[in-house]
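Student: Compute the structure for the input listed below.
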Amino acid sequence: MCGTCGCGGEAARVEGVGGHHHPADHAHSHEHRLPDGTVVRHAHPHAHEHGEDHRHDHHDASEHVHVLPDGTTVRHSHPHLAEDRHEHADDTEHEHVLADGRVVRHRHVAGAAPHRHDPAEPLVTAQEARTARLVRVEQDLFARNDRFAATNRTLLRATRTLCLNVMSSPGAGKTSLLVATIERLKGQCPLAVIEGDQETRLDAERIRGTGVPAIQVNTGKGCHLEANQVAEALGALGVPQRGILFIENVGNLVCPAAFDLGEAARVVLVSLTEGDDKPLKYPDMFARADLVLITKIDLAPHLDADPAVLEARARRIKPGVETIRLSIKTGEGMEAWLAWITAARARLGAATG
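Tutor: I've put the predicted structure just below:
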């Protein structure tokens, strides 16, 4: 699940890579009804992967008892088959939402007596529990992503591969830019592309039409690429050593800004047709940009948007950020863009020795 917008909930699919696994937030929900009619609900999250023939059978229950400060007793069972692999480690936290909205938290400790809740620690509200849980999920999500990003960056730097994370809203011209760039760079150095989209292989097929290897990552309901998906794609695609890896992120000016993929630089495209206010509306994306490409500049005479205003607003968000006005149709700005790539490769070479 995305900690920024809550998207996701299904596993991304990397073209050509098999396997069956659940997203990190996959869980089984259980419900227990007490003799007085009170309902206790809780979920057991899975921290494992399993094959297609996996069955969730629950028998041979072990009972747990919780005594609330007001004397209410909550009993419930966690059934498991002997061969079932859902083993609860000691000190595993669980949460129960009572019918009146109160939340009971407890930990399972092997051999422990019934859980008695200290009256000095009032039960939190359901909303407080949800907020705390979301914070924990978001922290875990970004920590995991950063670990994969660091591994990707180490690999790319070790092979002197310039990795550019190309981001924009849908339709700004990312794929067209990559096709035009590849046509000009082919034969000068190894090139490869990782394509991110929610569905279809259209962009990867378009890149492969240039003769350069590309792999598609379909994120399903996800609105951005994450570092582990890039790592998996690199394993299938291979690293263009001493060359350039382009990552075309999912079209979105919000969530991709929050996820480090291990790139050397971030390139943000903004089409003039989108208007000149985008840096102010989506500041996080522009604050993290190393280069802003203003695309479809050939349409300027027909638009109310002013490229100079757009540049000024981008620099208001990130002082000194480089900008290039560019048109794939006329070729304007392409030489400046290629020169920027050459300079970025030189900086990478100097940094890696």
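Student: got a list of what residue 273 touches?
Tutor: Contacts were defined as CB atoms under 8 Å, 6 or more residues apart in numbering; by that measure residue 273 touches 296, 299, 303, 305. Just so you know, the C-beta spots here come from the backbone N, C-alpha and C atoms, and that holds for glycine as well.
Student: my bad, residue 159
Tutor: 239, 241, 242 are the contacts of residue 159 under CB under 8 Å, 6+ apart.
Student: I'd guess residue 225 is in a helix, am I close?
Tutor: No - membership of residue 225 in a helix is not supported by DSSP: H, G, I helix; E, B strand; the rest coil, which gives coil.
Student: List the beta-bridge partners for the residue lying closest to it once chain neighbours are set aside.
Tutor: When the adjacent residues along the chain are set aside, residue 225 lies closest to residue 196, with 4.3 Å between them (CB to CB, 6 or more residues apart in numbering). Counting by DSSP bridges, residue 196 is bridged to residue 217.
Student: For residue 196, list the residues it contacts.
Tutor: Here residue 196 is in contact with 217, 219, 224, 225, 229, 247, 248, 249, 250 (criterion: CB under 8 Å, 6+ apart).
Student: out of these, who has the most neighbours?
Tutor: Greatest neighbour count in those, by other CB atoms under 10 Å, goes to residue 249: 29 neighbours.
Student: returning to what we had before: pLDDT score assigned to the residue nearest to residue 225?
Tutor: Confidence per residue is given as pLDDT, and for residue 196 that number is 97.
Student: picking that back up, now the contacts of residue 273 in JSON lines, please, with extra columns for neighbour count.
Tutor: Formatted as JSON lines, the entries for the contacts of residue 273 read as follows, by neighbours: other CB atoms under 10 Å:
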{"residue": "296", "neighbour count": "23"}
{"residue": "299", "neighbour count": "14"}
{"residue": "303", "neighbour count": "16"}
{"residue": "305", "neighbour count": "20"}
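Student: between the residues you listed, which is closest to residue 339?
Tutor: The shortest gap between residue 339 and any of the contacts of residue 273 belongs to residue 296, at 20.6 Å (CB to CB).
Student: gap between the closest one and residue 250?
Tutor: Distance of residue 296 to residue 250, given as CB to CB, to the nearest Å: 20 Å.
Student: In terms of helices and strands, where is residue 314?
Tutor: According to DSSP states H and E, residue 314 maps onto helix 307-317.
Student: That helix: which residues count as buried?
Tutor: Of the residues in helix 307-317, those with enough neighbours to count as buried (16 or more other CB atoms under 10 Å) are 307, 310, 311, 313, 314, 315, 317.
Student: same check, this time on stretch 242-255
Tutor: Neighbour-count burial for stretch 242-255, counted by 16+ other CB under 10 Å, picks out 243-255.
Student: end to end, how far does that stretch reach?
Tutor: Taking CA to CA, to the nearest Å, stretch 242-255 runs 30 Å from one end to the other.
Student: avg pLDDT for it?
Tutor: Per-residue pLDDT over stretch 242-255 has a mean of 97.
Student: Spit out the contact partners of the residue nearest to residue 298 when sequence neighbours are not counted.
Tutor: Nearest-residue entry for residue 298: residue 327, 4.1 Å, with adjacent residues in sequence omitted and distances by CB to CB, 6+ apart. By CB under 8 Å, 6+ apart, the contact set of residue 327 is 295, 296, 297, 298, 333.
Student: So what does the closest residue to the second one other than its chain neighbours look like in phi/psi?
Tutor: Meaning residue 296. Setting aside the residues directly before and after it, residue 296 is nearest to residue 271 in space (CB to CB, 6+ apart), at 4.7 Å. The phi and psi values for residue 271, taken as degrees, to the nearest 10, are phi -70, psi 140.
Student: could we number from 55 for the rest of this?
Tutor: Sounds good: first residue 55 from here, last item residue 325.
Student: ok so, going back, helix or strand right after the helix holding residue 368?
Tutor: Sequence-wise, the next helix or strand beyond helix 361-371 is strand 376-379, with elements assigned using DSSP H and E.
Student: Pairing partners for that following strand, with directions?
Tutor: Strand 376-379 pairs in its sheet with strand 345-349 (parallel), by DSSP bridges.
Student: export the strand it pairs with as CSV, just CAs?
Tutor: Coordinates of the C-alpha atoms in strand 345-349 are reproduced here as CSV (Å, rounded to 0.1, in the frame of the first residue of the first chain):
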residue,chain,number,x,y,z
LEU,A,345,16.1,18.8,-14.4
VAL,A,346,12.7,20.2,-15.6
LEU,A,347,11.9,19.6,-19.3
ILE,A,348,9.1,21.8,-20.6
THR,A,349,7.7,19.8,-23.5
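Student: so it versus helix 361-371, what angle?
Tutor: Counting by axes from the mean of the first three to the mean of the last three CA atoms, to 10 degrees, strand 345-349 points 160 degrees away from the direction of helix 361-371.
Student: ok, back up a step: just the mean pLDDT for the helix holding residue 368, thanks.
Tutor: The predicted model gives helix 361-371 an average pLDDT of 98.
Student: Next step: the contacts of residue 327 restricted to helices.
Tutor: Secondary structure assignment (DSSP state H) places none of the contacts of residue 327 within helices.
Student: Out of those residues, which comes closest to residue 406?
Tutor: Residue 406 has its nearest neighbour among the contacts of residue 327 in residue 350, at 35.3 Å by CB to CB.
Student: Pull the contacting residues for that closest one.
Tutor: Listed by CB under 8 Å, 6+ apart, the contact set of residue 350 reads 226, 227, 325, 326, 327, 381, 383.
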